[in-house]
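K.L.:
Give the three-dimensional model of this entry:
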Amino acid sequence: MSHIFDYSKICDGIKNLDPLIRFAGVINPRGRLVAGGMKEGIEPLSSQKDDEMLFMELALRVRMRQEFDKQLGKVKFAMSLREKILAISFPIGEDVLYVAAESKADYKTLPEKILDIINKF
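P.N.:
Numbers count the residues shown, from 1 in each chain. Just a heads-up that it's a prediction; the model follows:
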């Protein structure tokens with residue numbers, strides 16, 4: 001039986017988790033944003049077209065990582081620290097939760113806090 005997630009509540013909970021979080025959204029396997037988005041009052045770092053490309057690339061990367069699930073176990077999250085942001089992706093069923101925070105966010109504790117929110121729903 002598949003689990004049904006309330007993506008809007010998950011994204012809202014994550015955006016309220018830490019003031020350094022800029023974005024929390026769910027991307028479907030085709031790379032489309034289906035829930036969530038930029039935190040209110042935050043200026044985007046990229047254009048909508050760039051975001052669309054990022055989401056498609058993210059969806060592809062998540063599917064490619066799943067090729068190794070049998071050997072290595074399922075991915076809980078993947079993280080990338082860039083100069084301007086901390087990007088973390090979490091597979092949720094067929095979709096992926098993408099979270100972007102300021103680069104100075106605590107990358108040691110933030111992923112586990114986000115997993116706790118996902119697991120509540």
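K.L.:
so who does Leu60 touch?
P.N.:
In this structure, Leu60 makes contact with Gly31, judged by C-beta atoms under 8 Å, 6 or more residues apart in numbering. To be clear about C-beta, it is placed using only N, CA and C from the backbone, and glycine gets the same treatment.
K.L.:
Any figure for the gap between it and Ser103?
P.N.:
Look at Leu60 and Ser103: by C-beta to C-beta, to the nearest Å, they are 24 Å apart.
K.L.:
repeat for Phe77
P.N.:
The gap separating Phe77 from Ser103 is 17 Å, by C-beta to C-beta.
K.L.:
quick one: Ile92 and Ile27 touch, right?
P.N.:
No: contact criterion C-beta atoms under 8 Å: Ile92 and Ile27 do not qualify, at 9.9 Å.
K.L.:
Neighbour count for those two, which is higher?
P.N.:
Neighbours were counted for Ile92 and for Ile27 using other C-beta atoms under 10 Å; Ile27 has more, 24 against 16.
K.L.:
so which strand or helix has the closest residue to that one other than its chain neighbours?
P.N.:
Nearest non-adjacent residue to Ile27, counting by C-beta to C-beta, 6 or more residues apart in numbering: Phe55, 4.6 Å away. Assigned by DSSP states H and E, Phe55 belongs to helix 48-65.
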